[in-house]
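**Q** Task: produce atomic coordinates for the following.
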Amino acid sequence: MAEKFTSFTAVAAPYDLVNVDTDQIIPARFLKAPREQGYAGFLFHDVRERPDFFLNHPVFGKAKILVANTNFGCGSSREGAPYAFHDAGFRSIIAPSFGDIFFNNCMKNGIVPVRLEESVCASLRKFLGENAGAEVTVDLTSQKVSAPIGEFAFSVPAFFREMLLEGVDEIGLTLSMLPSIEAFEKDYAASTPWLTPLS
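**A** Below you'll find the predicted structure:
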């Protein structure tokens, strides 16, 4: 799903648990549900039953940025996990580290996963926990996170960054380079006539 992302400001919620796997984010039994109906209702479905869970908070329940802990999105490679975040309106997840496949799947679905130092994430979570409703800005253009406690640089792979900034998927990004591809093919055909089929 191609969706443009340049800069996004929203209420941010803290989530302290480490090693949050994709089965906690979306239990496997919901992965058969048709995507067109949306996955928002499946986000943290089972743990959300606890009254003190952050999504049940009157303010954090409106959050669209999550500040998480180490090894977020680990476990199986299900793409339903970023689907659930996206369909619930989340556009960025900030954490010290992510499961690799989850990290890549986020960027393919319009979500910016931001890696910041563990101490920075801990400070952010502490501040947000004490100041419910505080907003955070994730700016992909400048690759900076702006929060009331400071400004922090991050980076994402250039390939995915370009896709997010342009709002295209892999195919769309390739098609945007079509003039260059056609020019290369023309030059290559001219320089290797023995490989060019006769018309």
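**Q** can we go C-alpha only for contacts and neighbour counts from here?
**A** Fine.
**Q** Pull out the buried positions in the lowest-mean-pLDDT helix or strand in the chain.
**A** Of all regular secondary-structure elements in the chain, judged by mean pLDDT, DSSP states H and E, the least confident is helix 170-176 with a mean of 73. Using 16 or more other C-alpha atoms under 10 Å as the burial criterion, the residues of helix 170-176 that qualify are residue 173.
**Q** Stretch 156-175 too?
**A** When burial is assessed from 16+ other C-alpha under 10 Å, stretch 156-175 yields the following buried residues: 156, 160, 161, 162, 163, 164, 165, 166, 167, 168, 169, 173.
**Q** outside of it, which residues touch it?
**A** Contacts with stretch 156-175, where a contact means C-alpha atoms under 8 Å, 6 or more residues apart in numbering, come from 1-6, 107-108, 110, 113-114, 140-141.
**Q** So which of these sit within strands?
**A** Using DSSP state E, the members of the contacts of stretch 156-175 that fall in strands are 113, 114.
**Q** Buried ones among the contacts of stretch 156-175?
**A** Taking 16+ other C-alpha under 10 Å as the criterion, what is buried in the contacts of stretch 156-175 is 2, 3, 4, 5, 6, 107, 108, 110, 113, 114, 140.
**Q** what's the closest non-adjacent residue to the second one?
**A** The shortest distance from residue 3 to any residue that is not its chain neighbour, by C-alpha to C-alpha, 6 or more residues apart in numbering, is 4.5 Å, and that residue is residue 167.
**Q** what's the distance between that neighbour and residue 187?
**A** Residue 167 sits at a distance of 30 Å from residue 187 (criterion: C-alpha to C-alpha, to the nearest Å).
**Q** so who does residue 112 touch?
**A** Residue 112 makes contacts with 91, 92, 93, 106, 140, as judged by C-alpha under 8 Å, 6+ apart.
**Q** Pull the most distant pair out of these.
**A** Taking C-alpha to C-alpha as the measure, the contacts of residue 112 reach their widest spread between 106 and 140, a distance of 14.0 Å.
**Q** Check residue 24 and give its pLDDT.
**A** Looking at residue 24, its pLDDT reads 95.
**Q** The residue lying closest to it once chain neighbours are set aside and residue 86, how far apart?
**A** Take residue 24 and drop its neighbours on the chain: the residue closest to it by C-alpha to C-alpha, 6+ apart is residue 44, 5.7 Å away. The gap separating residue 44 from residue 86 is 13 Å, by C-alpha to C-alpha.
**Q** show me what contacts residue 146?
**A** The contact partners of residue 146, taken as C-alpha under 8 Å, 6+ apart, are 136, 137, 138, 139, 152.
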